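**Student:** Predicted model, plus sequence, below.
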Amino acid sequence: MTHLVFGAGLVGSYLAGVLAINGYRTTAIGRDTQLSALAAGVKLSDFLGNHATAPAVTAFNQHNDDAPEVIWLTVKCTDLTRAAQALKSVTGPKTSIVCCQNGLRAAHQIRAALPGRKVFSAVVPFNVVRLDDGTLHRGSEGPLTLPREIKRVLPGFSGAMQHPLLSLRFTSDISAVQAAKLQLNLSNAVNALSDLPVKTMLEDRGYRKIIAELMREWLEVASVNRIAVAKVTRIDGKWLPFLLCLPNFLFRRVARKMLDIDPTVRTSMWWDLQRGKATEIEDLNGEVVRQGVIARNYCPANKVIIDLIHDAEKQRRETGRYAAMSASELHNEIEIKRLEKSSYKI
């Protein structure tokens with residue numbers, strides 16, 4: 001079985017490395033720096049202490065390489081439109097596409113652009129960072145989750161990703177898992193605005209209470225709109241807002257596993273802001289607001305976070321940096337928006 005990783009960033013390169021270690025013919029499409037690292041044999045590690053060096057992964061050559069059997073689409077949501085056009089020239093009639101994006105809409109967008117192709121959603125719950133020595137390091141837990149149907153369409157697929165560096169899970173309801181991942185991803189924007197590592201942010205009750213409010217809004221609109229939200233963490237997602245609001249001493253005791261992450265881990269949205277790139281805010285918190293329109297729920301906390309991220313994007317473009325915000329500043333902005341809506345109703 002041949003594999004192509006389309007969008008060999010941090011997560012894509014990590015997946016390509018695991019595929020190559022497992023002996024699969026793997027090629028990649030990405031930036032020259034990433035492709036050079038893969039060609040040299042990238043080192044992989046994880047927070048559990050596992051490590052390995054992958055065989056060389058070469059750049060995909062459209063003229064010499066046959067269409068792959070599996071394409072792992074690992075570009076950001078913001079690059080999907082461009083990627084969909086490029087995929088038309090590298091897919092064949094038997095190519096299956098696995099969409100690894102955040103949010104709920106990526107697979108629908110690719111199916112619309114490539115009718116007749118087999119398109120699956122995947123949920124990537126972990127973070128990958130590049131260490132100083134070039135090692136790609138998985139800094140948080142969670143299994144790569146795929147729809148059970150893919151095993152029927154692609155017999156033998158399971159072995160491609162089974163490795164100590166990457167756990168694998170299959171589900172009969174990938175949409176519910178995506179909805180649960182969306183809930184967890186609502187913290188990405190708070191992490192970006194705080195300008196702190198994820199662990200440090202979670203140790204601050206003020207930031208946790210902001211994340212809890214974002215999650216409450218999502219759970220409310222998901223319930224009204226009958227969107228199933230799977231249980232993907234040890235604690236059911238419906239209890240996470242309550243847990244996040246606990247005093248620090250209780251939170252540290254009850255949520256030890258939540259804090260058992262690499263102290264250097266930052267979210268992808270933080271990295272996007274640092275690099276001056278467009279963020280996925282419209283595909284994450286923006287999805288909550290869109291679903292809120294259907295549910296007739298104003299979702300003020302998510303609306304505020306969207307505005308603040310767009311402000312930060314503008315600051316970064318114009319000045320090369322953006323101002324970090326404290327938890328109290330974020331709370332005040334949300335309360336102002338809530339009061340504006342209350343006044344409007346009156």
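**Tutor:** Looks like it arrived, so ask away.
**Student:** same for the host helix or strand of residue 35, what does it pack against?
**Tutor:** Using DSSP states H and E, residue 35 sits in helix 32-39. The contact analysis (3 or more Cβ pairs under 8 Å, 6 or more residues apart in numbering; DSSP states H and E) places helix 32-39 against helix 10-21, strand 25-29, strand 58-59. From N, CA and C alone the C-beta is placed, and that goes for glycine too.
**Student:** Check the residue lying closest to residue 235 once chain neighbours are set aside and give its pLDDT.
**Tutor:** Sequence neighbours aside, residue 243 is the residue nearest to residue 235 in space, at 6.1 Å (criterion: Cβ to Cβ, 6 or more residues apart in numbering). Residue 243 is assigned a pLDDT of 95 by the prediction.
**Student:** In terms of secondary structure, what does whichever strand or helix holds residue 243 contact?
**Tutor:** If you go by DSSP H and E, residue 243 is part of helix 240-244. Counting contacts by 3+ Cβ pairs under 8 Å, 6+ apart, helix 240-244 packs against helix 205-224, helix 248-254.
**Student:** re earlier: buried stuff in the helix holding residue 35?
**Tutor:** Buried residues in helix 32-39, counted by 16 or more other Cβ atoms under 10 Å: 34, 35, 37, 38.
**Student:** cool, and stretch 177-189?
**Tutor:** Those would be 177-189, for stretch 177-189 by 16+ other Cβ under 10 Å.
**Student:** can you pull the alpha-carbon coordinates of the helix holding residue 35 into PDB?
**Tutor:** C-alpha atoms of helix 32-39 as PDB (Å, rounded to 0.1, in the frame of the first residue of the first chain):
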ATOM      1  CA  ASP A  32      11.300  22.400   1.000                       C
ATOM      2  CA  THR A  33      12.600  22.500   4.500                       C
ATOM      3  CA  GLN A  34      10.200  19.800   5.700                       C
ATOM      4  CA  LEU A  35      10.900  17.600   2.700                       C
ATOM      5  CA  SER A  36      14.700  17.900   3.200                       C
ATOM      6  CA  ALA A  37      14.200  16.800   6.800                       C
ATOM      7  CA  LEU A  38      12.100  13.800   5.800                       C
ATOM      8  CA  ALA A  39      14.600  12.900   3.100                       C
END
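**Student:** re the thing from before, highest mean neighbour count out of the helices and strands packed on helix 240-244?
**Tutor:** Highest mean neighbour count of the helices and strands packed on helix 240-244: helix 205-224, a mean of 22 (counted as mean count of other Cβ atoms under 10 Å).
**Student:** Now residue 21: closest residue in space that isn't a chain neighbour?
**Tutor:** Residue 21 sits nearest to residue 54 (Cβ to Cβ, 6+ apart), 5.1 Å away.
**Student:** The one you found contacts residue 20, doesn't it?
**Tutor:** Yes. Contact criterion Cβ atoms under 8 Å: residue 54 and residue 20 qualify, at 4.4 Å.
**Student:** Which one of these two is surrounded by more residues?
**Tutor:** residue 20 (26 against 23; other Cβ atoms under 10 Å).
**Student:** Next, the contact list for that one, please.
**Tutor:** 26, 54, 55, 56, 57 (Cβ atoms under 8 Å, 6 or more residues apart in numbering).
**Student:** so what's the residue nearest the centre of the chain up against?
**Tutor:** Centroid-nearest residue in the chain, with Cα atoms, centre = their mean: residue 102, separated by 4.3 Å. If you count contacts by Cβ under 8 Å, 6+ apart, residue 102 has them with 77, 181, 182, 185, 268, 280, 283, 284.
**Student:** So which of the residues you listed sits lowest on pLDDT?
**Tutor:** For the contacts of residue 102, the pLDDT minimum is residue 268, 89.
**Student:** Nearest spatial neighbour of it, chain-adjacent residues omitted?
**Tutor:** residue 188 is the one closest to residue 268 (Cβ to Cβ, 6+ apart), at 6.6 Å.
**Student:** So what touches the helix or strand harbouring residue 178?
**Tutor:** Using DSSP H and E, residue 178 falls within helix 174-185. Residues outside helix 174-185 that contact it (Cβ under 8 Å, 6+ apart) are 102-104, 120-123, 125, 145-147, 171, 215, 218-219, 222, 227-233, 237, 240, 284, 287-288.
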